[in-house]
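S.K.: any chance you could fold what I've pasted below:
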Amino acid sequence: MLKSLGSRLNNIANFFNGLLTSRMPLKTRSFFSRPAWTDAPVVKKLLKTLGYTLLACIILLTVLLSFALDDTPQPIVLQGLNRDDIQRAKLLLHVSPEDRESIKTVSLNQKDLNIAAGYLLSHFVENTTLIQIVNDRILFQIAVFVPQNPWGRYLDFSFSLNQVEDAIRIKSFKIGEISIPDPTANRLIPFIIRHTPLNKYWVAANQYVKNVRITPQTLDISYLGSIVDTAKQLAINKHKNYPNLHVYQQQINDIVSRHDPAWRLSLSDLLQPLFLSAFQRSDDDDAIRENRAVIIAVASYIYKNELRRYLPLGLVYSKEYPVFAYKRIDIPQHFIASALVTAVDSSLLSEQLSVDKEVGDAQQGSGFSFIDLTADRAGTRFGRLAIASPHQARELQRMMSTLKHYSSIIPDIQDLPEHMDEQAFKLKYGGIDSPAYQAMIREIDTRISALPMYRNQ
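M.R.: Okay, here's the model as predicted:
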């Protein structure tokens, strides 16, 4: 505890030291120079009060963030969904057509609650969740991933739900190390839910859930069977631009659940079955949309750490295996990231990002790599082909549905130069406009174009 407190205080000190030691540019100082009317005593006093108030608010917010955020999530979940969990979830949620207008009661044990909570939250934020049923109480620990900041990568929540006669009450609510009084929490949490994207689930629960009761080992929920139709519609609306995205993400989940950990998970292990599904469920009218959905789904698995803020994750994957190509994990990452940017956004942006990244690596990172650049350019070609036209999109699906090896979409890269720092890169290639560099780019593009996938592109 003392170590954690010392670390948080050190973060606060570093933050304010940065504010105090930073220098304001001359133009900025001129812009903020005081006009003559601010010399009036009343105005000066008011501005001084506002300045102190603003500073106090900044300090208070900084302190609160330092105690709310942490680099390590409180709940550490070692295993996510497996196939048995998924089958049980389907069984629990199954309602026959004749039961749509009747009341159904399900008893959710501790594992069921963890599956349900993790699945629901993963539609909105990256998270880890741990739920325990202890002495007629349900204890929740939730860690939500937050963007990079000086205080920590996770926002931790913990609280318990208690049965009070026929009502469920929140107790012992904490955000990080900040405790919220019970009366405030019971008003604040429903208010937050009603004013966030979770509100649609809140509305559905109020409409269809008839009774909730905590028992020593389960949470018993009685609900109207027609809630299933509403839940399906909510899922469709969530990804209405890519209605089958959750299907492909679930397929990835099945693939990694069956994967033998003694073997490397190959990029082709993911792409081939997903594009086979896309080929079977597509026609010319929606082939481009389905190709985009497959690329998004694969990116949400193999490049999740960097792209999690931009991707609809959709579910908690049962396993987190690295994905390989040519015995390397960086090749699939570069390939799918470039394919994603190209298929969903702009191919020109994708090519420029890949070059900028490699030049940046030469200056201060792992060094300029023509291997990474090859994966980038192959991914760009792949993404471009996936959306070039309805005919091209269908042709890509057809070829990918019989893919045997990733070497059909990423050429041999093992003899290409890499790990060049800025000095070595400039000595050998001069710059990205030099004849030597352009010759390497032509060699890379020749290798890519020689692959059957891109030969006619």
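S.K.: state the distance from Arg289 to Ile295.
M.R.: 11 Å (C-beta to C-beta, to the nearest Å). Quick note: C-beta positions are derived from backbone N, CA and C, even for glycine.
S.K.: higher neighbour count, these two?
M.R.: Ile295 (26 against 17; other C-beta atoms under 10 Å).
S.K.: tell me if I am right that that one is in a helix.
M.R.: Yes - according to DSSP: H, G, I helix; E, B strand; the rest coil, Ile295 belongs to a helix.
S.K.: show residues contacting stretch 280-294.
M.R.: 241-242, 244-245, 248, 271, 274-275, 277-278, 343-344, 386-387, 390-391, 393-394, 396-397 (C-beta atoms under 8 Å, 6 or more residues apart in numbering).
S.K.: now it: buried residues?
M.R.: For stretch 280-294, burial by neighbour count (16 or more other C-beta atoms under 10 Å) applies to 282, 286-294.
S.K.: buried ones among the contacts of stretch 280-294?
M.R.: Buried among the contacts of stretch 280-294 (16+ other C-beta under 10 Å): 242, 244-245, 248, 271, 274-275, 277-278, 343-344, 386-387, 393-394, 396-397.
S.K.: just the helices in the stretch 51-200 of the chain please.
M.R.: Counting by DSSP state H, counting those that start in this stretch, one finds helices in the stretch 51-200 of the chain at the ranges 83-93, 110-122, 182-194, 199-208.
S.K.: contacting residues for Ile444?
M.R.: 370, 373-374, 377, 411, 416.
S.K.: so which helix or strand takes in it?
M.R.: helix 435-449 (DSSP states H and E).
S.K.: report the buried residues of that helix.
M.R.: For helix 435-449, burial by neighbour count (16+ other C-beta under 10 Å) applies to 437, 440, 444-445, 447-448.
S.K.: cool, and stretch 45-52?
M.R.: Using 16+ other C-beta under 10 Å as the test for burial, stretch 45-52 gives no buried residues.
S.K.: can you read off the backbone torsions of Ala262?
M.R.: phi -70, psi -10 (degrees, to the nearest 10).
S.K.: and Asp254, what element?
M.R.: helix 245-258.
S.K.: hmm, who's touching the very next helix or strand once past that helix?
M.R.: Next helix or strand after helix 245-258 toward the C-terminus (DSSP H and E): strand 265-266. For strand 265-266, the surrounding residues in contact (C-beta under 8 Å, 6+ apart) are 256, 259, 321-325, 405-406.
S.K.: quick check: the farthest pair among those residues?
M.R.: Val256 and His405 (19.1 Å; C-beta to C-beta).
S.K.: the more surrounded of the two?
M.R.: Val256 (21 against 12).
S.K.: how about the more buried one: what's its closest non-neighbour residue?
M.R.: Lys319 (4.2 Å; C-beta to C-beta, 6 or more residues apart in numbering).
S.K.: quick check: that neighbour touching Ser257?
M.R.: Yes - counting by C-beta atoms under 8 Å, Ser257 is a contact partner of Lys319 at 6.4 Å.
S.K.: show me the domain layout of this structure.
M.R.: 2-70, 83-237, 245-449 (automatic domain parsing).
S.K.: name every strand pairing with the lengthiest strand in the chain and say which way it goes.
M.R.: Determined from DSSP state E, the single longest strand within the chain is strand 154-164. If you go by DSSP bridges, strand 154-164 pairs up with strand 69-70 (antiparallel), strand 137-145 (antiparallel), strand 167-175 (antiparallel).
S.K.: quick check: mean pLDDT across the first one?
M.R.: In this model, strand 69-70 carries a mean pLDDT of 68.
S.K.: now do the buried residues in stretch 194-202.
M.R.: Quick answer for stretch 194-202 (16+ other C-beta under 10 Å): Tyr201.
S.K.: beta partners for Leu139?
M.R.: Gln132, Ser160.
S.K.: now it: how far from Phe173?
M.R.: For Leu139, the distance to Phe173 (C-beta to C-beta) stands at 12 Å.
S.K.: repeat for Ala278
M.R.: For Ala278, the distance to Phe173 - C-beta to C-beta - is 44 Å.
S.K.: now swap in Arg384 and tell me
M.R.: Counting by C-beta to C-beta, the gap from Arg384 to Phe173 is 50 Å.
S.K.: equivalent analysis for Arg264, please.
M.R.: Using C-beta to C-beta, Arg264 is found at 44 Å from Phe173.
S.K.: the more surrounded of those two?
M.R.: Phe173 (20 against 16).
S.K.: so that one sits against Phe159, correct?
M.R.: Yes - under the criterion of C-beta under 8 Å, Phe173 makes contact with Phe159 at 4.1 Å.
S.K.: intersection of neighbour lists for those two?
M.R.: With contacts defined as C-beta under 8 Å, 6+ apart, the residues shared by Phe173 and Phe159 are Ala185.
S.K.: tell me where the stretch 101-250 of the chain is predicted with low confidence.
M.R.: Applying pLDDT under 70 to the stretch 101-250 of the chain picks out residues 118-127, 147-149, 197, 228, 231-240.
S.K.: tell me where the stretch 251-400 of the chain has strands.
M.R.: Shown for the stretch 251-400 of the chain, the strands assigned by DSSP state E, counting those that start in this stretch span residues 265-266, 323-324.
S.K.: between those, which gets nearest to Leu427?
M.R.: Leu427 sits nearest to strand 323-324 of all those, at 32.3 Å, using C-beta to C-beta.
S.K.: what packs against the closest one?
M.R.: Helices and strands touching strand 323-324, by 3 or more C-beta pairs under 8 Å, 6 or more residues apart in numbering; DSSP states H and E, are strand 265-266, helix 267-281, helix 330-344.
S.K.: make it 10 Å
M.R.: In terms of contacts (3 or more C-beta pairs under 10 Å, 6 or more residues apart in numbering; DSSP states H and E), strand 323-324 is packed against strand 265-266, helix 267-281, helix 287-302, helix 330-344.
S.K.: can you tell me the strand partners of it and which way each runs?
M.R.: Counting by DSSP bridges, strand 323-324 is paired with strand 265-266 (parallel).
S.K.: pLDDT of the partner strand, averaged?
M.R.: On average, strand 265-266 scores 96.
S.K.: and the contacts of strand 265-266 as CSV, adding distance to Val164?
M.R.: Listed next are the contacts of strand 265-266 as CSV, based on distance: C-beta to C-beta, whole Å:
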residue, distance to Val164
Val256, 42
His259, 46
Tyr321, 44
Pro322, 47
Val323, 48
Phe324, 53
Ala325, 56
His405, 61
Tyr406, 57
